[in-house]
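Peer 1: Sequence unavailable; structure follows:
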């Protein structure tokens, strides 16, 4: 029997609590229209504001999904409250919150709190600050979405930010917030550093992805969708093939060892997953102003990127999978993944 690491046990405990505390919604498979975005990290518009480059793209995405009748799920870390106080951040992006409020007024808005905006775990703080923009807003830690296909229950989706169980982000969240707000933020502004790239903290992120996958793989007919790591995860055969092509090209042409390592680990992790049970929406604060998210529409789940490949303000579908195929896949058993990157590496 594979030994469970201390990190895995902590993630298991955090996700177990989030699962049991989650409210439940039931949705019909063919009628489901949902878009999930996470990790905006909205600041106050200065050099330390990681969301600023993505503002026009995200605004266009909101207008598109509202007109198409989607539910909007904001999956945590929408505001960067480890660096800034809530009032100035919300004031800076008041016009954007008005767009999100259109979803709320239509009953199509799901708000979650993450580790960088954990003030919203307190209903009194939600009312004090977000209450200026949203009437009677509930902000959840997690949500269970039961998917029905007529009279048949296909399975369920757990939506959660994904920091649950991590030491710095969850257990020591207050200390981390103080350090970032009063030490890191001035340094970031002075040096004009934008650290929120998918390649940052490769070992930690991959360990976290493995732990999240293992928690979900131990449950039947459950799909876990999270954010937090800023790295999109979308398990499907087409993505594995594309990652293999990308890795071969980078191996041939690139001299950047970090880029090569990132590509290799992405491929190894994708190949190792036996069940399509863990998805990650990526983030809305990539350095180039692009955003990624997950759509569910027309009986499919899709990984999308804004803008598209030629820069048009519309979604580009990177990967897609029928929801029925997805729930057939998560009904199967799977062997847990090893906890370290080294153990995932293939002999070359």
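Peer 2: Ah, there it is. Everything numeric in this text was worked out from a predicted model, so none of it was measured.
Peer 1: CA atoms for contacts and neighbours, from now on please.
Peer 2: Fine.
Peer 1: Excluding chain neighbours, what is closest to residue 277?
Peer 2: residue 223 (4.5 Å; Cα to Cα, 6 or more residues apart in numbering).
Peer 1: Walk me through which strands the helix or strand that neighbour falls within pairs with, and which way each runs.
Peer 2: Assigned by DSSP states H and E, residue 223 belongs to strand 222-226. If you go by DSSP bridges, strand 222-226 pairs up with strand 152-160 (parallel), strand 278-280 (parallel).
Peer 1: can you give me the helices for this protein?
Peer 2: Per DSSP state H, the chain has helices spanning 6-21, 55-67, 86-92, 94-105, 123-129, 173-179, 185-191, 202-217, 237-253, 257-272, 323-329, 341-344. These are given in chain order.
Peer 1: ok now the fifth one, how far from the chain's centre?
Peer 2: Going by Cα atoms, centre = their mean, to the nearest Å, the spacing between the C-alpha centre of helix 123-129 and its chain's C-alpha centre is 24 Å.
Peer 1: and what of the first one?
Peer 2: The gap between where helix 6-21 is centred and where its chain is centred comes out at 17 Å by Cα atoms, centre = their mean.
Peer 1: Tell me which residues of that helix come out buried.
Peer 2: By neighbour count on 16 or more other Cα atoms under 10 Å, the buried set for helix 6-21 is 7-8, 10-12, 14-15, 18-19.
Peer 1: on that earlier part again, please identify the most buried of the helices of the chain.
Peer 2: helix 202-217 (a mean of 21; mean count of other Cα atoms under 10 Å).
Peer 1: Could you measure from the closest residue in space to residue 54 that isn't next to it in sequence over to residue 53?
Peer 2: Closest residue to residue 54 apart from its sequence neighbours, by Cα to Cα, 6+ apart: residue 289 at 4.1 Å. Shown here: residue 289 relative to residue 53, a distance of 5 Å by Cα to Cα, to the nearest Å.
Peer 1: picking that back up, need the contact partners of the strand holding residue 223.
Peer 2: 75, 155-162, 212, 216, 276-281, 327, 330-331 (Cα atoms under 8 Å, 6 or more residues apart in numbering).
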